[in-house]
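Asker: Here is my input; please provide its structure:
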Amino acid sequence: MNLSKKLIFTLLILCVATVFLCNLFFGAVHIDASEVWNALKGNDRDSIISYIIFENRMPQAVTALLGGAALAVTGLMLQTAFRNPLAGPSILGISSGASLGVALVMLALGGTISIGSSSIGGYAAIIVAASIGSLAITGLLTLISLRVRNNLMLLIVGIMTGYLTSSVVTLLSSLTNEQSLQGYVIWGMGSFAQVSLQQLPMLSILIIMGLLGAMLMAKPLNILLLGDNYALNLGIRVERVKTWLLIVTGLLTAVVTAFCGPISFIGLAMPHIARLVTRTDNHWVLMPATMLVGSIVSLGCNCLSVMPQSNVIPLNALTPIVGVPVILYVILAGYRK
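Answerer: Residues are numbered from 1 along each chain as shown. Have a look, this model is predicted:
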């Protein structure tokens, strides 16, 4: 890695650290910086301020850090695999699958999943439903990818699947009661604040496993940039790589969507920002850069959504402000070429 790349990564890491600290020092409740600092040093562990910092703001910040990295890297892998700058977990219907799973539980099953004599309710049911829905769509795309060799056709299948799941969700919404619909709408707005300190270890382990799996794909993704035929000549099993890619992206999307709700534009736009910053297509550089950019934007949006003396702003109202200009730039730049 040359000097300029090292400088870029140093700046990105400093940005991540800065925005992470902003999430700890700023929130819906105004707390003096000196009091936050004392809480972080371990003073007054039994105070209300320590409770707010470690039980609310810290899990929220860590969730935004990991969730942003996970969604961003899924978008990068899908864009490389499908050779389409507009590919992403939301475009392929993976996020819609998670939404359908949650809608079935909250709107049709009354918030409870029953299997024989045992049942799962509450937030656990939402996590299970979102994971099953997301992984089901991923499995469907994996099976279709074994028969459909054309990347564009597979992308179209994903879009159609997303439309189908959205129509089922709309139908369920029209048939349910107001209370259940309100709960589903709140979940669908997306929020990093839904993860508690007790749930954070499970979320962290699952996302870190997925990110490590993504990093293992850096080399085959670099070769896929040269074309499937070239990759086959080098001994790369293209179909196996794409299957593994869909599994990793499905896992990461399922975990983040289950815990945080569907979050738009992070997976779609962040890889393009990373490309603009690093000026490279080398995934050994691009993949960690994309993770860092995703974390920065997610932490920044989360911080803005809970600023003091204001109502909590839905996360999905902020991410398009960053994502839409980036996507428009990509489309217009491609059109000029």
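Asker: Are we agreed that P262 is in a helix?
Answerer: No. Applying DSSP: H, G, I helix; E, B strand; the rest coil, one finds P262 to be coil, outside a helix.
Asker: That one touches A98, doesn't it?
Answerer: Yes. If you go by Cβ atoms under 8 Å, P262 and A98 touch, sitting 6.6 Å apart. Where C-beta positions appear, they are placed from N, C-alpha and C, glycine not excepted.
Asker: Same drill for those two, tell me which one is more crowded.
Answerer: A98 (31 against 23; other Cβ atoms under 10 Å).
Asker: wait, isn't the more buried one in contact with S134?
Answerer: Yes. Counting by Cβ under 8 Å, S134 is a contact partner of A98 at 4.0 Å.
Asker: Let me see the contact set for I52.
Answerer: Contacts for I52 (Cβ atoms under 8 Å, 6 or more residues apart in numbering) come out as 27, 29, 31.
Asker: which one of these is nearest A274?
Answerer: Closest approach to A274 among the contacts of I52 (Cβ to Cβ): G27, at 28.2 Å.
Asker: Between A98 and S134, which contacts overlap?
Answerer: Overlap of the contact sets of A98 and S134 (by Cβ under 8 Å, 6+ apart) consists of 253-254, 257-258.
Asker: In the stretch 51-200 of the chain, where is pLDDT below threshold?
Answerer: The stretch 51-200 of the chain contains residues with pLDDT under 70 at 110-123, 149, 151.
Asker: Buried residues of the helix or strand harbouring G213, list them for me.
Answerer: Per DSSP states H and E, G213 falls inside helix 200-215. For helix 200-215, burial by neighbour count (16 or more other Cβ atoms under 10 Å) applies to 200, 203-204, 206-207, 210-211, 213-215.
Asker: got the buried residues for stretch 324-331?
Answerer: Buried residues in stretch 324-331 (16+ other Cβ under 10 Å): 326-327, 330.
Asker: Now render the residues you listed as a markdown table, adding distance to L76, pLDDT and secondary structure.
Answerer: Formatted as a markdown table, these follow (distance: Cβ to Cβ, whole Å; pLDDT from 0 to 100; DSSP: H, G, I helix; E, B strand; the rest coil):
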| residue | distance to L76 | pLDDT | secondary structure |
| --- | --- | --- | --- |
| V326 | 13 | 83 | helix |
| I327 | 14 | 80 | helix |
| V330 | 13 | 75 | helix |
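Asker: Looking at the residues you listed, which one is closest to E55?
Answerer: When these are ranked by distance to E55 (Cβ to Cβ), V326 comes first, at 34.3 Å.
Asker: I figured that closest one was touching H272, is that so?
Answerer: Yes. V326 is within contact range of H272, at 5.3 Å (criterion: Cβ under 8 Å).
Asker: any shared contact partners between the two?
Answerer: With Cβ under 8 Å, 6+ apart, V326 and H272 have no common neighbours.
Asker: Which parts of the stretch 1-150 of the chain are helices?
Answerer: 3-25, 33-40, 48-52, 58-82, 94-103, 122-147 (DSSP state H, counting those that start in this stretch).
Asker: Can you tell me which of these is packed in deepest?
Answerer: Comparing those by mean neighbour count (mean count of other Cβ atoms under 10 Å), helix 94-103 comes out on top with a mean of 29.
Asker: report the angle between the axes of that helix and helix 58-82?
Answerer: If you take axes from the mean of the first three to the mean of the last three Cα atoms, to 10 degrees, helix 94-103 sits at 130 degrees to helix 58-82.
Asker: Which elements pack onto helix 94-103?
Answerer: Applying 3 or more Cβ pairs under 8 Å, 6 or more residues apart in numbering; DSSP states H and E, we find helix 94-103 packed against helix 122-147, helix 151-175, helix 178-188, helix 238-260.
Asker: Pull the distance from the first one to the chain's centre.
Answerer: Averaging C-alpha positions (Cα atoms, centre = their mean, to the nearest Å) puts helix 122-147 15 Å from its chain's average.
Asker: If you compare the directions of that helix and helix 200-215, what angle comes out?
Answerer: Using the same axes, to 10 degrees: helix 122-147 against helix 200-215 is 10 degrees.
Asker: Let's see if you can find the most crowded of the shared contacts of A98 and S134.
Answerer: Greatest neighbour count in those, by other Cβ under 10 Å, goes to T253: 33 neighbours.
Asker: That residue touches T74, doesn't it?
Answerer: Yes. Using Cβ under 8 Å, T253 is in contact with T74, at 5.6 Å.
Asker: residues shared between the contacts of these two?
Answerer: 89, 267.
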